[in-house]
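> okay, structure incoming, though there's no sequence with it:
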């Protein structure tokens, strides 16, 4: 059961971002910039970064990749903290992806 009433029927992070569009909009825009840009610091992550750099990744690409991973970690905690509902049906995620790919992340929360 969700810990807070969001006053909308959107699932997961979309519902949270729609609840507070003044914070949701910049978060969605950041996600959009990061996910559309070039696409990780444990020992494994450092090794991945070193391998990426060895294969020609730029500092900007490494930076953005780490930031993307951090953003999605924060998004998962943002959804889990208030126990926001998420769809059980994988088809719901395919429908969201069908909107995100052409229209960007802000499109799934209705604040583009």
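Yes, it's here. Remember, predicted model here, so these are calculated numbers, not experimental data.
> going by C-alpha atoms from here, please, whenever you check contacts or count neighbours.
Noted.
> so where's the protein shaky on pLDDT?
Low-confidence segments of the chain, defined by pLDDT under 70: 37-42, 111-112.
> give me the most central residue, the chain.
residue 72 (4.6 Å; C-alpha atoms, centre = their mean).
> quick one: which helix or strand includes that residue?
Using DSSP states H and E, residue 72 maps to helix 59-80.
> quick one: the strands in this structure, in order.
Read by DSSP state E, the chain holds no strands at all.
> in it, what residue sits furthest out from the centroid?
In the chain, the greatest distance from the average C-alpha position (C-alpha atoms, centre = their mean) is reached by residue 54, at 27.4 Å.
> so how many other residues sit close to residue 98?
By other C-alpha atoms under 10 Å, 13 other residues sit near residue 98.
> how near is it to residue 50?
In this view, residue 98 and residue 50 are 34 Å apart by C-alpha to C-alpha, to the nearest Å.
> same question, residue 10
Plainly put, residue 10 is 40 Å away from residue 50 if you go by C-alpha to C-alpha.
> so for the two, which residue has more residues nearby?
Neighbour totals were compared for residue 10 and residue 50, and residue 10 leads with 20 against 14 (other C-alpha under 10 Å).
> so what's the more buried one up against?
When contacts are counted by C-alpha atoms under 8 Å, 6 or more residues apart in numbering, residue 10 is found next to 18, 109.
> how close does the nearest residue to residue 83 once chain neighbours are set aside sit to residue 9?
Nearest in space to residue 83, with sequence neighbours left out and distances taken as C-alpha to C-alpha, 6 or more residues apart in numbering, is residue 2 at 4.7 Å. Noted for residue 2: a distance of 12 Å to residue 9, by C-alpha to C-alpha.
> repeat that for residue 18.
As for residue 18, its distance to residue 9 is 10 Å (criterion: C-alpha to C-alpha).
> likewise residue 55?
To residue 9, residue 55 is 44 Å away according to C-alpha to C-alpha.
> next one: residue 65
Taking C-alpha to C-alpha as the criterion, residue 65 is separated from residue 9 by 31 Å.
> of those two, who's got more company?
Neighbour totals were compared for residue 65 and residue 9, and residue 65 leads with 19 against 10 (other C-alpha under 10 Å).
> mind listing the helices for the protein?
Under the criterion DSSP state H, the chain contains helices at 12-19, 21-36, 43-54, 59-80, 90-103.
> fine by me, thanks again.
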